[in-house]
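Novice: how would this look folded up:
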Amino acid sequence: MKIALAQISSTPDVEANLRAVDAAARDAAGEGARLVLFPEAATCAFDGDLDAFAADRAEAAHARLAALADELDLTLVVGTFTPAADGRIHNTLLMLRPGEEPLGYDKIHLYDAFGHRESDTIAPGDAPCVVEHGGVRFGLATCYDVRFPALFTRLAREGAQVMLVAASWGAGPGKAAQWETLTRARALDSGALVAACDQAVRADLGQDPEVASDTAPLGVGRSGLIGPDGVDAVRLDHGPQTRVVELDLEAVRRFRAAVPVVENAREL
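Specialist: Numbering: from 1, shown residues only. Take a look at the predicted model:
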């Protein structure tokens, strides 16, 4: 299966973001992709009004994306926000499959780190998500989740062959290097392919990936496809880019047969 990493640069302008998703999806479909992975917060960047988006615009935005998936016969995996029962919102990774009901994974591990408090306004999910699509079992994860190996081994135990990780990674000294290292490590932990899509660096802010933002995590780029051996098959730079990649599921089978880390793990 061919999938695409759509490293777009979202802003608080929801309409502009939806146009960017539309353009990237059409480009990916034209190159034969069957699924496109977008970043976390693709519909509204973290420096936007997330509460207002979830309350007033999410339903229409998601319907528009579902219609795009149907039109292109293409699965879209898009980071967005949805209302939560306790009055906060969920940080949701939405999978929109042609002709099927949308499926959403609510981010489990919230970014209460590096001076940020995601949990003040966002409610955590509590259910790991594995979904079979096109004969492939995908595990879903979002940003800060990538720091927690147990989630990825759980997804692997449930049969995930490919981990789809959407992010809007916080900038700062060494943070891009951490993102690259963590995505490789989670591939090794799970014996899976890791498709990791981050927000591109925001040119409108003159953003520097090595300088921490005191407002919101807005992305450092460096999206990639990592093999189960922890080696990058693809690693993008910091700017907006859409790249179509081929999933080598045979590599997953071979690696798991050679190094069955999930089966060999012991409870301590």
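Novice: contacts, neighbours, all on C-alpha from now
Specialist: Fine.
Novice: Least confident secondary structure element in the chain?
Specialist: helix 261-264 (a mean of 94; mean pLDDT, DSSP states H and E).
Novice: Which positions in that helix come out as buried?
Specialist: By neighbour count on 16 or more other C-alpha atoms under 10 Å, the buried set for helix 261-264 is Val261, Val262.
Novice: Tell me which other helices or strands it touches.
Specialist: If contacts are counted by 3 or more C-alpha pairs under 8 Å, 6 or more residues apart in numbering; DSSP states H and E, helix 261-264 sits against helix 149-157, helix 175-190.
Novice: can you map out the helices along the chain?
Specialist: 14-30, 50-52, 58-72, 149-157, 175-190, 249-258, 261-264 (DSSP state H).
Novice: Please name the nearest non-neighbouring residue to Asn91.
Specialist: Leaving out its chain neighbours, the residue that sits closest to Asn91 by C-alpha to C-alpha, 6 or more residues apart in numbering is Phe81, at 4.9 Å.
Novice: Might you report the residue contacts of that neighbour?
Specialist: Ala41, Thr43, Leu50, Phe53, Ala54, Ala58, Ile89, His90, Asn91, Thr92 (C-alpha atoms under 8 Å, 6 or more residues apart in numbering).
Novice: can you redo the residues you listed as a markdown table with distance to His109 and pLDDT?
Specialist: What follows is the contacts of Phe81, written out as a markdown table (distance: C-alpha to C-alpha, whole Å; pLDDT from 0 to 100):
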| residue | distance to His109 | pLDDT |
| --- | --- | --- |
| Ala41 | 15 | 98 |
| Thr43 | 20 | 98 |
| Leu50 | 18 | 98 |
| Phe53 | 21 | 98 |
| Ala54 | 19 | 98 |
| Ala58 | 22 | 98 |
| Ile89 | 14 | 98 |
| His90 | 11 | 98 |
| Asn91 | 10 | 98 |
| Thr92 | 12 | 98 |
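Novice: Out of these, flag the one nearest to Gly224.
Specialist: Ala41 (17.8 Å; C-alpha to C-alpha).
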